Each structure stands twice: as structure tokens, then as C-alpha cells.
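In: please work out how this folds:
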Amino acid sequence: MAWDTQKFAARMLKRFGDGTPFFFNAAGRKILILLDPYQIKRVLNASEELDPNPFIHDMVLGQMLGSPKETVEFYKNDEGKMDHVQTAHIRQHVTGSGLIGMSRKTMERLRVNIGVVYEQGMKDGVGWMQIDDLFDFAQYHVTRAITESLLGCTISDEYPEFYKDQWTFMDRSVEMITGLPRWLFPTAYNARDRLLSNLKRWALTSDALRKASKADKAWDATAGSGLLQERRKMYEEMPSFDDDARASQILGLLFAGNGLTPTVSFWYLFEALKDLELLKRIKHELSTHYDKESGDWDLMGLTTRPILQAAHAETTRCYSSNVAFRVVTVPAFELDDKYTITKVRPSLPYPVRSYLLSSQPRGQHYSSTTNSPAPSHRAGPPHAHPRSRAHSLSSGLKDSSFLQLLHPQTPRLRSSVRVYPPRFPLLPFPLLSFPLLPFPLLPVPTDPHPQTPPP
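Out: Numbers count the residues shown, from 1 in each chain. Got it, this is the predicted structure:
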């Protein structure tokens with residue numbers, strides 16, 4: 001029995017890291033792990049035979065986000081029309097000029113919040129400040145900046161534990177999705193309940209300001225962004241979306257916005273700081289698109305810089321991925337010339353850098369202890385950063401960056417811990433990279449007159 005899903009997945013991948021599919025049992029559900037990139041590509045392209053929606057409706061909306069049963073049933077019977085409406089609406093705000101506006105607001109909130117910390121340090125006469133945990137620092141401020149760009153900044157003062165609760169919930173989201181009971185992880189479930197309660201309270205205030213025409217339609221400190229204001233109005237006109245359902249929808253949006261970007265931001269910063277040559281080249285490219293007089297960035301110009309784009313692409317390749325899942329909707333699905341997946345109960349996602357599907361391979365020998373195909377050899381994964389669970393799970397798809405399907409877990413960097421991450425290659429050519437989330441990664445400008453650290 002495994003209580004820590006990340007450690008359990010890491011052990012399994014070290015044991016079966018040669019790409020051979022293998023089973024394990026998760027909360028009574030049999031899961032097939034696929035590591036071979038060709039098998040994964042086959043699965044992702046089989047939209048007529050495999051469907052993610054049954055799992056999304058029951059386990060993501062219902063189990064993880066706490067949507068009411070009436071709302072879950074609405075999605076099941078809607079034939080995808082609501083999904084289309086939601087996707088079309090959000091694209092208006094995360095593409096083109098809408099993306100630029102949201103990015104500027106995220107940068108603004110990041111600079112304001114970090115500026116408060118800096119000013120407090122100067123007021124105390126510290127000058128330079130000791131950051132005991134760089135990951136916690138980056139995670140908190142990036143999470144807060146993204147959240148405030150969506151919900152406004154007032155909620156940060158009214159709900160001081162907002163960001164701690166978000167990560168307590170997200171760090172155990174896999175256990176929730178797999179259906180493990182509340183008594184096993186009461187802290188995570190309690191954090192989710194507090195999130196839903198406070199988001200419901202925030203939404204009522206936001207709605208009141210919007211309906212009274214007292215909210216800025218672009219972004220309001222209390223009512224939130226135009227995206228959220230419009231989204232709230234849209235749900236009001238839909239059946240089966242009461243206040244609880246709408247709070248769950250906001251929680252899902254925060255999960256999507258903060259699931260990867262804070263982690264990627266930390267690793268981008270960490271890798272740049274430890275490579276002086278890379279840091280020099282990044283600073284040079286940043287300086288060409290920063291107006292010192294206005295303090296503004298040319299965001300479109302930054303997206304064309306080869307080193308910035310290459311560094312961002314390499315960071316997302318090494319340290320981020322997403323979760324994908326499918327349900328077999330046909331009697332039998334041929335994965336390749338060796339394996340056939342039969343139609344069984346819906347499969348579950350799991351935090352591994354692979355595609356997961358419940359299945360029964362054909363014509364394979366299984367060991368009695370692992371219930372997995374037993375190939376003639378098992379090749380272990382390459383050397384990995386000993387404290388980075390995200391990297392330790394990445395070896396299976398190291399040559400297929402487009403198939404990275406992991407919600408990463410990252411190490412804690414404290415003074416008592418020495419960290420040995422893999423070498424961060426410097427790419428000498430432009431590499432186009434599109435952010436996994438609608439918030440591009442932009443470093444904070446450095447202080448042109450840094451204080452001299454104390455001896």
C-alpha cells in the first residue's frame with residue numbers, strides 16, 4: 001500500500017523505466033502506465049476511440065473540485081456544448097491583446113508584492129535579505145500574482161491563508177482524484193473546503209459590485225478581472241450552476257493557472273542564477289525591451305528573443321508537464337502490434353511523466369508481485385537530481401518533450417540542503433515556446449543600484 005503517490009510512482013518508474021507498460025492498483029482501480037512515446041502519441045491521436053470526459057465529469061469536477069451532483073449531471077448530458085462555450089470565452093482573454101493585458105497585470109502584481117517585501121527590508125535596515133527557502137518564495141509570489149490578476153488583490157488581505165490553502169489542496173489533488181477517502185487526507189480536504197467557502201464569499205461581493213456598475217470591467221481590486229466578471233455573468237444564465245457550482249469553477253481556474261507556472265518560474269530563476277554566462281545573456285536580452293523611464297516592458301518584443309525563449313522552452317521541457325487521461329469507448333483499442341486495451345472502468349490520472357490508461361495488454365507474461373508485463377530486461381533511468389521528484393520521474397520521456405504529462409513536485413531549497421539538479425543546457429538557437437498556461441514567464445527587472453551585502 002502506498003500513501004505517497006509521488007514516491008510510489010518514482011519507485012515504479014525506477015523499476016520499470018525501459019518503456020514497458022505496467023499496471024498498479026490505485027484505490028481499487030487498475031492503472032496502466034505508458035512510457036513509450038510512440039504508444040502515447042497513438043493514444044493522444046485516438047480521439048474517436050478514447051474519451052477524457054467521463055473521468056473529467058466524475059473525478060475532476062465532482063471528486064476533486066467538489067461540484068454539486070446536479071452540475072456534474074448537467075455536463076454529462078450537455079454533449080459538450082458547455083465546454084465549447086467555456087473554451088471560446090476564455091480564449092478571448094488568453095490570446096492576442098487579452099493575453100498581453102493579463103500578462104501585464106500579472107507582472108504588475110508580482111512587482112508590487114515583491115516591492116513590499118523589499119521596502120520592508122530597507123525599512124528594517126537590512127538592505128540585503130536572507131531568503132531561507134527560494135522555492136517557497138518564488139511559489140508564493142508567482143501564485144499570488146496569478147491569483148490577483150484573476151480575482152483582484154483584496155482577497156489576499158481578507159483571506160491570509162489563501163495561498164497556503166491552495167498548495168495544500170493542489171499537492172494532494174491526485175489523491176482526491178483517485179477517490180481516496182477524506183479521513184486519509186483531512187488537511188487537504190479541509191483546505192479545499194475553506195477555499196470554496198472563501199471563493200463563494202468573494203464571488204457574491206464581486207457580483208454585487210458588477211451589478212451595481214461599481215466595478216472596473218477590465219480589472220478591479222475587489223471584483224477581479226474582466227475574465228472572471230464575464231464568466232460569473234455567463235454562469236448566472238446557465239441551469240444547474242448555483243453558488244457552490246460557480247465557486248468550484250473558480251477553484252478549477254485557479255488550479256489551472258497555478259498548477260505549473262510557479263514551479264516553472266522557480267526553475268527558470270534557479271537555473272539562470274547558477275549559470276553566470278546564461279544569466280548575463282538573459283539580462284542583455286531583457287535590457288533591450290525595458291523602458292527605464294516608464295518602467296514598462298515590451299512584452300511582444302520579449303517573446304522574440306532567442307535566449308529567453310530557449311531558456312523558457314528548456315525549463316518547461318525539464319521541469320513541467322501536464323496530466324492527460326482517457327477512457328476506452330470501444331470494445332478493444334489496439335495500442336500497437338503487441339498490446340490491445342479492452343474497455344473497462346474509467347482510468348485515472350497519476351503524477352507520472354506518462355500517459356495513463358486502464359487496460360489489459362494481450363499476449364504478455366505478468367509477474368505475480370507487480371501484475372506487470374515482464375520484459376527480458378529492465379533498464380534503469382539515467383542519473384537524476386536526488387531531491388527532485390519532478391526530475392526523477394522524467395526519464396521515461398526525456399526525448400519527447402511534447403509528451404510531458406506530469407504535475408511536478410519540486411524540492412525544498414534550504415541552507416541545510418545541497419541540490420544537484422541536472423545540467424541546464426544553453427541552446428544557441430531560437431526555439432519557439434508557447435506557455436503551458438495563459439501567463440508567460442517574465443523575470444522581474446533587477447535593481448539597477450543593488451545594495452552591497454553586509455560582510
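In: average model confidence for stretch 51-68?
Out: Mean pLDDT, computed over stretch 51-68, is 89.
In: repeat for stretch 266-285
Out: Average pLDDT, stretch 266-285: 94.
In: buried residues of that stretch, list them for me.
Out: 266-272, 275, 278-279, 281-282, 285 (16 or more other Cβ atoms under 10 Å). For glycine as for every other residue, the C-beta is placed from the backbone atoms N, C-alpha and C.
In: same check, this time on stretch 104-116
Out: Neighbour counts over stretch 104-116 (16+ other Cβ under 10 Å) mark 104, 105, 106, 107, 109, 110, 111, 113 as buried.
In: ok, so of the residues you listed, who is nearest residue 174?
Out: Closest to residue 174 out of the buried residues of stretch 104-116 is residue 106 (26.5 Å), distances taken as Cβ to Cβ.
In: for residue 337, state which of the buried residues of stretch 266-285 is nearest.
Out: Of the buried residues of stretch 266-285, the one sitting nearest to residue 337 (Cβ to Cβ) turns out to be residue 267, at 38.2 Å.
In: I'd say that closest one and residue 315 touch.
Out: Yes: using Cβ atoms under 8 Å, residue 267 is in contact with residue 315, at 5.2 Å.
In: quick one: which helix or strand includes residue 142?
Out: For residue 142, the host element (DSSP states H and E) is helix 134-151.
In: by contact count, what packs against the host helix or strand of residue 86?
Out: In this structure, residue 86 sits in helix 81-94 according to DSSP H and E. When contacts are defined as 3 or more Cβ pairs under 8 Å, 6 or more residues apart in numbering; DSSP states H and E, helix 81-94 sits against helix 69-77, helix 96-123, helix 226-236.
In: which of the ones you listed has the lowest mean pLDDT?
Out: With a mean of 89, helix 96-123 has the lowest mean pLDDT of those.
In: circling back to that earlier point, now flag whichever of the buried residues of stretch 104-116 is closest to residue 338.
Out: Nearest to residue 338 out of these is residue 106 (Cβ to Cβ; 46.2 Å).
In: one step back: tell me the angle the helix holding residue 142 makes with helix 96-123.
Out: 130 degrees (axes from the mean of the first three to the mean of the last three Cα atoms, to 10 degrees).
In: who touches helix 134-151?
Out: 102, 105-107, 109-110, 113-114, 131, 155-156, 162-163, 166-167, 202, 219, 224-225, 227-228, 250, 253-254, 257-258, 261-263, 265-266, 269-270, 410-413, 439 (Cβ atoms under 8 Å, 6 or more residues apart in numbering).
In: next one: the helix holding residue 86 to chain centre, how far?
Out: A distance of 19 Å separates the C-alpha centroid of helix 81-94 from that of its chain, computed with Cα atoms, centre = their mean, to the nearest Å.
In: domains in the chain, as residue ranges please.
Out: Domain assignment of the chain by automatic domain parsing yields the ranges 5-52+324-403, 81-260.
In: need those in a markdown table (columns: distance to residue 304).
Out: Shown next, in a markdown table, are the domains of the chain (distance: least, Cβ to Cβ, whole Å):
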| stretch | distance to residue 304 |
| --- | --- |
| domain 5-52+324-403 | 21 |
| domain 81-260 | 14 |
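In: tell me which of the ones you listed sits nearest to residue 294.
Out: Evaluated with Cβ to Cβ, those place domain 81-260 nearest to residue 294, the distance being 12.2 Å.
In: to the chain's geometric centre, what's the distance from that closest one?
Out: For domain 81-260, the distance to the chain centre is 13 Å (Cα atoms, centre = their mean).
In: first-to-last residue distance for it?
Out: Length of domain 81-260, first residue to last, Cα to Cα, to the nearest Å: 28 Å.
In: go on, stretch 311-328?
Out: End residues of stretch 311-328 are separated by 38 Å (Cα to Cα).
In: now do the spatially most central residue of the chain against residue 225, distance only.
Out: Residue closest to the mean C-alpha point of the chain, counted by Cα atoms, centre = their mean, is residue 259 at 2.3 Å. Computed as Cβ to Cβ, to the nearest Å, the residue 259 to residue 225 distance reads 18 Å.
In: quick one, the helix holding residue 86 and helix 96-123 angle?
Out: Using the same axes, to 10 degrees: helix 81-94 against helix 96-123 is 60 degrees.
In: could you tell me the angle between helix 81-94 and helix 69-77?
Out: Using the same axes, to 10 degrees: helix 81-94 against helix 69-77 is 90 degrees.
In: report the buried residues of helix 81-94.
Out: Within helix 81-94, the residues scored as buried using 16+ other Cβ under 10 Å are 82, 90, 93, 94.
In: turn those residues into JSON lines, including pLDDT and distance to residue 140.
Out: Output for those, formatted as JSON lines (pLDDT from 0 to 100; distance: Cβ to Cβ, whole Å):
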{"residue": "82", "pLDDT": "87", "distance to residue 140": "34"}
{"residue": "90", "pLDDT": "90", "distance to residue 140": "25"}
{"residue": "93", "pLDDT": "90", "distance to residue 140": "24"}
{"residue": "94", "pLDDT": "87", "distance to residue 140": "23"}
